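K.L.:
the amino acid sequence is not available; the structure is as follows:
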């Protein structure tokens, strides 16, 4: 049973539901293929904070636009709002950031205010990748 009121800083993906639910149901996923997910049972039931180390977030065009590392999420590419009066074009809306926009998700879950960090933080995130 999941303990009431517990939280976790483990990085998870919706894809992890498959392995986690299979484990909880007593099933094994097929061994003849690979799955891009992990079983999060220990996070749910044993208070573990061990999830993914890094999550990559490609956009709808297949471009790596953001990366999640620990409590940080770095956006390398963002897109301007589309006003609906003209056709949608990736070229018209892409904004590449020389220095990525970094959000501290422990303090800003809505990713509304990028934090200001030193070059060493950018270097540490790039090194981790």
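P.N.:
Received, thanks. The structure displayed is predicted, hence computed values, not measured ones. Numbers count the residues shown, from 1 in each chain.

K.L.:
and residue 21, that one's in a helix?
P.N.:
Yes - with the criterion set as DSSP: H, G, I helix; E, B strand; the rest coil, the secondary structure at residue 21 is a helix.

K.L.:
and the helices in this structure?
P.N.:
According to DSSP state H, the chain carries its helices in the segments 16-25, 41-45, 90-93, 119-128.

K.L.:
now distance to residue 103 and mean pLDDT too, for those, in CSV please.
P.N.:
All C-beta spots, glycine's among them, are computed from the backbone N, C-alpha and C. Formatted as CSV, the helices of the chain follow (distance: least, CB to CB, whole Å; pLDDT from 0 to 100):
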stretch, distance to residue 103, mean pLDDT
helix 16-25, 21, 88
helix 41-45, 22, 84
helix 90-93, 20, 63
helix 119-128, 12, 76
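
K.L.:
mind checking which of these is nearest residue 58?
P.N.:
Nearest to residue 58 among the helices of the chain is helix 90-93; the distance by CB to CB comes to 12.9 Å.

K.L.:
so how many other residues sit close to residue 53?
P.N.:
Other residues within reach of residue 53 by the criterion other CB atoms under 10 Å amount to 10.

K.L.:
equivalent analysis for residue 108, please.
P.N.:
For residue 108, the neighbour count with other CB under 10 Å is 14.

K.L.:
can we start the residue count at 34 from this point?
P.N.:
Okay, residue one is now 34; in that scheme the one you just asked about reads as residue 141.

K.L.:
that one: what's its closest spatial neighbour, skipping adjacent residues?
P.N.:
residue 148 (7.8 Å; CB to CB, 6 or more residues apart in numbering).

K.L.:
tell me who's in contact with that neighbour.
P.N.:
Under the criterion of CB atoms under 8 Å, 6 or more residues apart in numbering, the contact list for residue 148 reads 135-137, 141.

K.L.:
return the member of the residues you listed nearest to residue 160.
P.N.:
residue 135 (14.4 Å).

K.L.:
for the closest one, list each beta-bridge partner.
P.N.:
Each beta-bridge partner of residue 135 is listed here, defined by DSSP bridges: residue 107, residue 148.
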